[in-house]
Every structure is written in structure tokens, then in C-alpha cells.
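1. Give me a model of this one.
(one chain, ligands or ions: 1)
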Amino acid sequence: MQYFPLFHKLSDKTILVVGGGDIAARKIHLLQRSGCRIQVVAPSILPVIANNPNCHCEWRVFDPADIDGKALVVSATDIESVNQRVSAESRARGVLVNVVDSPELCDVIFPSLVDRDPLIIAITSSGQAPVLARSVRAKLESTIPASYGHLAQLASRFRNAVKKRFTSLDDRRYFWEKVLGGTVAEHVYAGRMEQAEHQLKAMIDAPGDEQHGEVYLVGAGPGDPDLLTFKALRLMQQADVVLYDRLVSDAIMDLVRRDAERLYVGKQRSEHAVPQQDINQRLVDLAREGKKVLRLKGGDPFIFGRGGEEIDLLAEHGIPFQVVPGITAASGCSTYTGIPLTHRDYAQSVRFVTGHLKDGSLNLPWSELASPQQTVVFYMGLMGLEKICNKLIQHGRSADTPIALVQKGTTPEQRLWVGTLATLPDLVREDPPQAPTLIIVGEVVSLHERLNWVGSTVTVNQA
Ligand code: SAH
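-> From the prediction side, this is the model:
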């Protein structure tokens, strides 16, 4: 090991930083997290450093006497001879030194940090492949929830109580494993510190009595698994059972914990879907069995997703639940086709509307939807496409207003049909799309010609 990792307590120490530019500012920004005092020496010093209350600045050149009494020296100048001198003088005085970007002048180097204080992870490639170290860091950042630090703080508050309660080392380890991998941790990640503490106390008082179910109502986004949130992925990987429907893509289902039980509750071709009330009830029943239940929904659960109804019954029965937002189809489809939903020149507002025909009629505020300078997005509108176009024209929106239909947005089978209110229904009839599809109406649609960065197949008729 070329560099041995040690964690350095600096809170009561002073560090010397030679240099007052951008690089020095970055190092100071990092170092001050340790609570140390910082002395900065440089002929010119950026205001961001000079105004930093943790820094004592002196506007002059480096003097070797500056090193005396310091715990660490950082040289962050772009003058090679100064860096060399700072390094040599520090070494001569036995004070650890770091010179930015010059490993041969360094005794210590700065790692990449994942900071979940008091949990801290330091990563280095020993200066050999900094990009690799950064990519490891990014991976860790994405899998370790930001609130891990709160979990560590909670554990430290209860350390003595747990020690008293469980005398054997094995019992203690087993206890902490349950706490850190179970409901207590989930409460912390969801920001419910009080419940976490309550639950932890209960587990200390009555170990073995902590079987609690919970429901995660999670938005899976429009299809591309890369559009999942970190939180969605984490909950997907710890569920015992998952309820999903047609809108959740296979690529996303592949990311659910492998041995989780899978229950399909969507519509099969020509069959009926599981009635909504049954789904609601099933969530309650499964959670009562002590399971971690994942209700995975396409897009965002609170946009045309009946998410509100599903958690209503849970709330009524006092079952804990969390809701994780997802990227809704309108956002996914518009970005992946290069159609901005708003634009300073063309649309100052956007509306999300359901085009679902319950009884064959579409009761929508047509005159509002037909007004110019806005984008209207229709979910579930394919069956009613012709009616939608006709109604908008009847209520005054110009017949040559651009309109797009996006099939399976953000997936490899994404396709785009572009026309006008007058032409799109025919275009779609000639070449029928596959569900799910989304309709976008407004001048912004024409921007796809320049901005369609994904390059999916486009069928156009704007005549
Ligand atoms: N909660 C979901 C919407 C559910 S309603 C969300 O926030 O996106 C179902 C409708 O969403 C479909 O009929 C279709 O209009 C739209 N939709 C969902 N995913 C889509 C996708 N990948 N491409 C196009 N439309 C999609």
C-alpha cells in the first residue's frame, strides 16, 4: 500500500495553506469541515477565502517560519518553485505536507470523500487513476442514502443502552444488524426520526417483537431504468413483495430484489384489471403480515396514478407508508423527443389532462384547453385522439397547431408521430402506434426538428 489511510482529528489544530486562488479555495472548503483553523499565506487572496471566518489571511509571500506549530501544510500555488520550497521546508521540520497535483512533493494526499458524517468513506487510487476513484465515489454516493449519517448518530446515542441490555457480543451484533437493516433504518431514511427512536427503544425493551410491515408507493418513471431515483432503487431492492402493472417495463422489474414475490395487478389483453379496491385491500393485508410491500407504478404515482386512493386505506389503518415520486410520462416523453413543454416564445404554461373516455364523451374544459400560448399534454388519449383534435379546433385552436404522439417514450421502442390538429388522426390511423402513448399539443412540438437528440423514428405530416 503506497498510502495508508488514517483519519485525522483536526478540530483543535491549525493548518497552513500557501496560495489564495481557486485551488486553495477548494481545499479550504474541504478542510474546514474538520473544524480546524486555517492560516492562509499568499500575495493575493480571493475574496471567498478572505471573507471566510475560518481563515486567518496574510497577504505576503510564504515564509518557512509559517510552518511552525502547524498540523498540516497544503501548498496550492501554481508556481512550481514555491511548491517545491514549501514541501522541502515542511519535510525538514517534520510536518506533513500536501502539494496539489504533485504526488512526488506530498507526504499525504486528499481522498475522494463520501461524507455521511459521522460515517465517512475515503477513496483513493493512490494518484494512479483519479477518474476511477471518482467513479467509485459516484457509485457509493448513489447507493448510500444521504441520511446514513443520521442513522449513525442514532446508533451512537443508543450505544450504551444497547450494551447494557445485551451483554454478549454476538447478541449485540445481531441486534444492530436488525436495527440497521430494518424498520428503524427505514424510518430514518424517510426522515421520521421520532418514530425511528421510538421503534429502537421498543426493540431494546422487547426484542423479537418488531415485525412491522410497510408499503412503498414508488414511481418507476416512464420506462428507461436510468430514470429511476436512488430512493426508488433502494426500496425496490429491499421489498418482500411487489405489486406492479403493465406500465412498469421489464428492464425496471429486473432491478427488483430477485427473491421478492411478484404480483401482477394490471390488465391482461381483453381481460379486466384487478379492481382498484382489491389492490388497496391487498396492500393493507400484506403489510399486516409484516411484509415490506412495494407498489410500483409507471411514471409518478400522484399523476393519473390513483396513488392517493391506494395510500388512503393504508392511512386509515395506520399502516406506515412512503411515497417516492417518479418522472411522469409528460416529462420523460417530452425530453426524449426534444419537445420542451414550456418555452419563452411559444408556451408559458403546460397542462396535464386525461383523455380517458369513460362513457364515450370527454368532459373537458375545451375553451381553456384551446387557448394559445400553452402546451396541453393528454395522458390516455389515443382512443380519443380524433375527438381531441376536433374539439380543440371547434373551440378555436388553429387547425395547423402542431401535435405529437409519442409511443413508449424513453424506451428502445420509442416512436414519434408529428402532424397538426387537422392531419394527425389520419396519420395515426394509417400507421397505428402501440400503447402506452402520450399526446402533446402546442407550438413547442415543432422544436423537435432541431432538438430530437435521441434520434427515434419520426413519422411526420405537417401539410
Ligand atoms: N402515473 C403515470 C400515468 C399513468 S396513466 C405517469 O405519471 O406517467 C397512463 C398513461 O400514461 C398512458 O395511457 C399514457 O398516456 C401515459 N404513459 C405512461 N408511460 C408512458 C410512456 N412510456 N410513453 C408514453 N406514454 C406513457
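
2. going forward, measure contacts between C-alpha atoms and count neighbours the same way
-> Will do.

3. Would you map the strands across the stretch 301-450 of the chain?
-> 321-324, 349-354, 374-379, 402-407, 415-420, 437-441 (DSSP state E, counting those that start in this stretch).

4. Include distance to the ligand when you put those into CSV, please.
-> Shown next, in CSV, are the strands of the stretch 301-450 of the chain (distance: least, CA to the nearest ligand atom, whole Å):
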stretch, distance to the ligand
strand 321-324, 12
strand 349-354, 8
strand 374-379, 4
strand 402-407, 5
strand 415-420, 9
strand 437-441, 4
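
5. Which of those strands sits closest to residue 145?
-> For these, proximity to residue 145 was assessed by CA to CA; strand 321-324 is nearest, at 13.9 Å.

6. Now do the closest one: distance to the chain's middle.
-> Relative to its chain's centre, strand 321-324 lies at 14 Å (CA atoms, centre = their mean, to the nearest Å).

7. Residues touching that strand, excluding its own?
-> 190, 214-219, 231-232, 301, 311, 314 (CA atoms under 8 Å, 6 or more residues apart in numbering).

8. from those residues, which ones fall inside strands?
-> 214-219 (DSSP state E).

9. just curious, which of those residues is nearest to the ligand?
-> Nearest to the ligand out of the ones in strands among the contacts of strand 321-324 is residue 219 (CA to the nearest ligand atom; 7.4 Å).

10. Give me the below-cutoff pLDDT ranges for the stretch 101-250 of the chain.
-> 208-211 (pLDDT under 70).

11. residues in contact with the one residue in it that gets nearest to the ligand?
-> Here the stretch 101-250 of the chain gets closest to the ligand at one residue, residue 222, 4.1 Å apart by CA to the nearest ligand atom. By CA under 8 Å, 6+ apart, residue 222 lies in contact with 247-248, 298-299, 327-329, 332-333, 408-411.

12. about what we covered before: weed out the non-buried ones from the contacts of strand 321-324.
-> Burial by neighbour count, 16 or more other CA atoms under 10 Å: within the contacts of strand 321-324 this picks out 214-219, 231-232, 301, 311, 314.

13. Which pair in those residues has the greatest spatial separation?
-> Most distant of the buried ones among the contacts of strand 321-324, by CA to CA, are 231 and 314, 20.5 Å apart.

14. Could you check how many residues crowd around residue 3?
-> 12 (other CA atoms under 10 Å).

15. so what's it closest to, chain neighbours aside?
-> residue 126 (6.4 Å; CA to CA, 6 or more residues apart in numbering).

16. So the one you found is in contact with residue 5, correct?
-> No. With contacts counted by CA atoms under 8 Å, residue 126 stays clear of residue 5, the gap being 10.4 Å.

17. Of the two, which one has the most company?
-> residue 126 (16 against 13).

18. and the chain, which residues reach the ligand?
-> The chain has residues 222-223, 298-301, 303-305, 328-329, 379-380, 406-410, 436-438 near the ligand, with proximity defined as CA under 6 Å from any ligand atom.

19. In PyMOL, select just the buried ones from the residues you listed.
-> Per 16+ other CA under 10 Å, the buried members of these correspond to this PyMOL selection:
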select buried, resi 222+223+298+299+300+301+303+304+328+329+379+380+406+407+408+409+410+436+437+438
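
20. Okay, and which of the residues of the chain next to the ligand map to helices?
-> Members of the residues of the chain next to the ligand lying in helices (criterion: DSSP state H): residue 329.

21. How many residues are close by residue 397?
-> 20.

22. Check the gap between residue 36 and residue 214 for me.
-> 43 Å (CA to CA, to the nearest Å).

23. meant to ask about residue 3, not that
-> With CA to CA as the criterion, residue 3 and residue 214 are 45 Å apart.

24. Kindly reformat the contacts of residue 222 as CSV containing distance to residue 15.
-> Output for the contacts of residue 222, formatted as CSV (distance: CA to CA, whole Å):
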residue, distance to residue 15
247, 56
248, 53
298, 52
299, 50
327, 46
328, 49
329, 52
332, 48
333, 52
408, 56
409, 54
410, 50
411, 52
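
25. Need the max-distance pair from these.
-> Across the contacts of residue 222 (CA to CA), the longest gap, 15.1 Å, separates 248 and 333.

26. more neighbours, those two?
-> Neighbour count, other CA under 10 Å: between residue 248 and residue 333, residue 333 has more, with 30 against 21.

27. which residues sit in contact with the nearest residue to that one once chain neighbours are set aside?
-> Spatially, and ignoring its direct neighbours in sequence, residue 333 is nearest to residue 409 (4.7 Å; CA to CA, 6+ apart). Residues counted as contacts of residue 409 (CA under 8 Å, 6+ apart) are 222-223, 329, 332-333, 336, 415, 437.

28. what about residue 84, helix or strand, and which?
-> Residue 84 belongs to helix 80-92 when assigned by DSSP states H and E.

29. Report the buried residues of stretch 115-125.
-> In stretch 115-125, counting by 16+ other CA under 10 Å, buried: 116-117, 123-125.

30. Could you give the backbone dihedrals for residue 119?
-> phi -90, psi 120 (degrees, to the nearest 10).

31. Apart from its chain neighbours, what residue comes closest to it?
-> residue 149 (5.8 Å).

32. Please apply the same query to residue 392.
-> Residue 392 sits nearest to residue 370 (CA to CA, 6+ apart), 5.3 Å away.

33. And that neighbour, how far from the ligand?
-> Going from residue 370 to the ligand by CA to the nearest ligand atom, to the nearest Å gives 20 Å.

34. Tell me who's in contact with that residue.
-> Residue 370 sits in contact with 392-393, 395-397, where contact means CA under 8 Å, 6+ apart.

35. confidence score at it?
-> For residue 370, the model assigns a pLDDT of 96.

36. and if you look at the one 5 residues further on?
-> Per-residue confidence at residue 375 stands at 98 (pLDDT).
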